[in-house]
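Asker: model this:
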Amino acid sequence: MILDAATGLTPSQSQKRPRGLAVPAANRHSVGSLLESKQSGSTNMMTMVACALGFARSVFFLASAVAAGSEAVLKSEFIFETAPTPSCHASTIVETQAGLVAAWFGGTHEKHPDVGIWLSRFEVGRWGPPAEVANGLQPDGTRYPTWNPVLFKPAVGPLMLFYKVGPNPEKWWGMLMTSRDGGKNWSAPQRLPEGILGPIKNKPVQLDGNGGLLCPSSTEDDGWRIHFERTSDLGRTWRRIGPVSASQIGAIQPTILRHSRNRLQAIGRTQQDRVFTVESNDGGNTWGTMSLLDLPNPNSGVDAVTLADGRHLLVYNHTRRTKGNWKVGREVLNVALSTDGKAWQAALVLENEAGKEFSYPAVIQTSDRLVHITYTWKRQRIRHVVIDPEKLMLRPIVDGVWPELPKN
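Answerer: Now for the predicted structure:
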């Protein structure tokens, strides 16, 4: 039996339900948990099949989780069912001519030397088996953990995979690999120049036709500070811009929005419990002074994309952190939209489960104008969600408060 992700009704029941009719609290779920129930099935036979396959998916009916815009959610799936490592985190996704490619870091746990970069390609309607494509093994035999892969496909040139290697974020360094066949085969890893880390968590933007990339980056060795790195030749030479004037805001992991050819906006993670914003009016060569948006941030990574229609879509945890336990703020994952990058509208609750972690989203819009989101699911798997942004139903976020959302 298929249920509508916002209402918990069958399609025929949903068609009969008048628009605007309130949904009983018991039927309000996050999109993740409801679509999870779809995938698991609702009959005993489906349950038996799931058990036979060696996995069971939990269904959570949370009265506090408001699912909206569910007609916009076209797909929700795990990139892999059987995890190749005990832990995984920090996914990235890209569209290539051959199809979608996703990557993440995985190993025993974050910071463990066995953490490598894992990758899966979407082919023939499904995600292929994960394979480790990079690790932190050094020529002297020392092995360091890897961190935060970022995939990017420039308009002309090979698929690029940026990642970091090092014992911790204070001492890591940037690496780059390339693929000319959509991620099947990769070049030898290349260490980036001293002082250049590459995109630290989120994708670059390509600003002009000669291959120029602007990479959002940051450092943590002398406080949290953001900067940008520009390459006009796909990684052979680099220019560092910043750090940005932050007005005592500790910020890392920016993501870039495009308002016009020269006007850019970066937003991201802070230690001040709110999402930061800073703008450039010259294509990213210089930046203004950082300030804070009204959106909460529980010291967790965000990602955003400027859509083909000019709107901006943000994926983030709309919660504040609990001191001494950052995971508490990562139990809700949200989608919001804006026309100006300042006033945001609530669109979707992807996940809401107390005590669990849903974090570090990556988001792109593909050539068919659909939005693809990947994110960490309980540090156990990577979830992939496909959204039609034209079908999202919106409600203003006022004073940083997530509203009751309209129902489909």
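Asker: going forward, measure contacts and count neighbours with C-alpha atoms only.
Answerer: Will do.
Asker: So which residues of the stretch 1-150 of the chain form strands?
Answerer: Using DSSP state E, counting those that start in this stretch, the strands of the stretch 1-150 of the chain run over residues 73-78, 87-96, 99-107, 116-123, 126-127, 131-134, 136-137, 143-144, 146-152.
Asker: mind giving me TSV with the ones you listed and columns for distance to residue 295?
Answerer: Listed next are the strands of the stretch 1-150 of the chain as TSV, based on distance: least, Cα to Cα, whole Å:
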stretch	distance to residue 295
strand 73-78	23
strand 87-96	21
strand 99-107	26
strand 116-123	31
strand 126-127	34
strand 131-134	35
strand 136-137	36
strand 143-144	35
strand 146-152	24
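Asker: which of those strands sits most buried?
Answerer: Ranked by average neighbour count under the criterion mean count of other Cα atoms under 10 Å, these are headed by strand 146-152 at a mean of 28.
Asker: got the angle for that strand vs strand 87-96?
Answerer: Counting by axes from the mean of the first three to the mean of the last three Cα atoms, to 10 degrees, strand 146-152 lies at 20 degrees to strand 87-96.
Asker: for the record, mean pLDDT for whatever helix or strand comes next after strand 146-152?
Answerer: Tracing the chain past strand 146-152, the next element assigned as helix or strand by DSSP states H and E is strand 159-165. Throughout strand 159-165, pLDDT has a mean value of 98.
Asker: continuing past strand 159-165, what's the next helix or strand?
Answerer: Along the chain past strand 159-165, the next helix or strand (assigned with DSSP H and E) turns out to be strand 173-179.
Asker: Ends of stretch 154-172, what's the gap?
Answerer: Length of stretch 154-172, first residue to last, Cα to Cα, to the nearest Å: 25 Å.
Asker: quick one: the closest residue to residue 122 other than its chain neighbours from residue 379, how far?
Answerer: Once flanking residues are discounted, residue 122 sits nearest to residue 100: 5.2 Å by Cα to Cα, 6 or more residues apart in numbering. Residue 100 sits 22 Å away from residue 379, taking Cα to Cα as the criterion.
Asker: repeat for residue 79
Answerer: Applying Cα to Cα, the value for residue 79 to residue 379 is 13 Å.
Asker: Residue 223 too?
Answerer: 26 Å.
Asker: Counting neighbours, go ahead and name the busier of these two.
Answerer: residue 379 (19 against 13; other Cα atoms under 10 Å).
Asker: so that one makes contact with residue 87?
Answerer: Yes - using Cα atoms under 8 Å, residue 379 makes contact with residue 87 at a distance of 5.3 Å.
Asker: quick one: contacts for the nearest residue to residue 370 once chain neighbours are set aside?
Answerer: Distances taken as Cα to Cα, 6+ apart place residue 388 nearest to residue 370, at 5.1 Å, with adjacent residues excluded. Neighbour list for residue 388: 72, 73, 74, 369, 370, 371 [criterion: Cα atoms under 8 Å, 6 or more residues apart in numbering].
Asker: show me where pLDDT drops low in the stretch 251-400 of the chain?
Answerer: Counting by pLDDT under 70, the stretch 251-400 of the chain contains low-confidence ranges at 322-328.
Asker: can you map out the helices along it?
Answerer: For the stretch 251-400 of the chain, none of the segments meets the definition of helices by DSSP state H, counting those that start in this stretch.
Asker: That one: strands as residue ranges?
Answerer: Taking DSSP E, counting those that start in this stretch as the criterion, the stretch 251-400 of the chain contains strands spanning 251-258, 264-270, 274-280, 291-296, 303-306, 312-316, 332-338, 345-352, 358-365, 371-377, 381-387, 395-396.
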